[in-house]
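K.L.:
Predicted model follows, preceded by the sequence.
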Amino acid sequence: MLIAQLTDLHIGVGRRLAYRKVDTATALERAVARVNAMVPRPDMVVFTGDIGDLGTPDEYALVKDILRDLDVPFYMIPGNHDQRAPLRAAFADAMPIEDGGAFINYVVDAGPVRLIALDSLDEGRPEGKLCSARLDWLERTLHDGDDRPCVLFVHHPPVAVGIKHMDDQRLLSGAETFAQIVLAHKDRIQAIMCGHLHRPIHTRWAGVPLIVAPSIAHQVALDLRDDGPSAFTMEPPAMHLHRWDEKQQCLLTHLAYVDQYDGPHPFFDENGRLIV
């Protein structure tokens, strides 16, 4: 099982440049082409939020048009730049929500593992929230009798990472209860996959790996000063590839750059000798 995680698209109406600098629509097109060209090709893509930049129907229409070229199934959760109603209207098939569900919470049966999508959007706010209804849903899902390993996908990370302006926007409300639920199921939860921070970051939280994916467009500047300004850089766009290894019974995460670079080149010549 191979899952590509793409995050923080920030698509603007009419292919508007994000922050007057970032061509996010072209960035998404390149990411789609990269996924399609991979060998082996991912079994699915999970988009972990900030699909649009303002969360309007026109933005999602543009995303939908670009994703027509994606050759694998995909799923989505919202980020703080999204709006639930228009996102659900545009991508109902990418969000298999239970009937009557107020939030974009759902489960994907990925064969040997279960993917649990969790909605951390607090509409109109940059920081994340998990209210009692969403946490109760997660608790019920983890107690539904399916004991397969599972992976959680949520836009907002629940940890401070040292980038002050982003730490102020992390998952705040509900984070303590979320940690208690995760800790109680740490033997089954393989990892928590997040977006939002526009940087690849890895840590351990509530007894499980917590992995933040970089953006397929622009990255947040790596500035660990307490008074570091809010800024972004044009570091190489990238995605995460999550591979479930059935033999080892473990989840492996690889960083994959969107752009193509020189290579691959062999280490050994045609006679099997190391090239020096």
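P.N.:
Alright, I've got the coordinates. Numbering: from 1, shown residues only.
K.L.:
does Met76 belong to a helix or a strand, and which?
P.N.:
strand 74-77 (DSSP states H and E).
K.L.:
starting at the chain centroid, how far to that strand?
P.N.:
Strand 74-77 sits 9 Å away from the centroid of its parent chain (CA atoms, centre = their mean, to the nearest Å).
K.L.:
what number of residues lie near Leu274?
P.N.:
8 (other CB atoms under 10 Å). All C-beta atoms are positioned from the backbone trio N, CA, C, and that covers glycine.
K.L.:
Check which helices and strands the longest helix anywhere in the chain is in contact with.
P.N.:
Using DSSP state H to define each element, the chain has its longest helix at helix 24-37. Secondary-structure packing of helix 24-37 (3 or more CB pairs under 8 Å, 6 or more residues apart in numbering; DSSP states H and E): strand 2-6, helix 57-67, strand 238-245.
K.L.:
most neighbours per residue, which of the ones you listed?
P.N.:
Comparing the helices and strands packed on helix 24-37 by mean neighbour count (mean count of other CB atoms under 10 Å), strand 2-6 comes out on top with a mean of 25.
K.L.:
and the direction of it versus that of strand 238-245, what angle?
P.N.:
In terms of direction (axes from the mean of the first three to the mean of the last three CA atoms, to 10 degrees), strand 2-6 departs from strand 238-245 by 160 degrees.
K.L.:
Neighbouring strands - and their directions - for strand 2-6?
P.N.:
Here strand 2-6 is paired, per DSSP bridges, with strand 44-48 (parallel), strand 238-245 (antiparallel).
K.L.:
Show the subsequent helix or strand relative to the last one.
P.N.:
Next in sequence after strand 238-245, counting helices and strands by DSSP H and E, comes strand 250-257.
K.L.:
From the contact counts, what lies against the strand holding Met76?
P.N.:
Under the contact criterion of 3+ CB pairs under 8 Å, 6+ apart, strand 74-77 touches strand 44-48, strand 113-118.
K.L.:
Let me have those in TSV, extended by mean neighbour count.
P.N.:
Shown next, in TSV, are the helices and strands packed on strand 74-77 (neighbours: other CB atoms under 10 Å):
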stretch	mean neighbour count
strand 44-48	24
strand 113-118	22
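K.L.:
can you list those strands in JSON lines and add distance to Val35 and mean pLDDT?
P.N.:
JSON lines is the format used below for the helices and strands packed on strand 74-77 (distance: least, CB to CB, whole Å; pLDDT from 0 to 100):
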{"stretch": "strand 44-48", "distance to Val35": "6", "mean pLDDT": "98"}
{"stretch": "strand 113-118", "distance to Val35": "17", "mean pLDDT": "97"}
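K.L.:
This completes my enquiry, with thanks.
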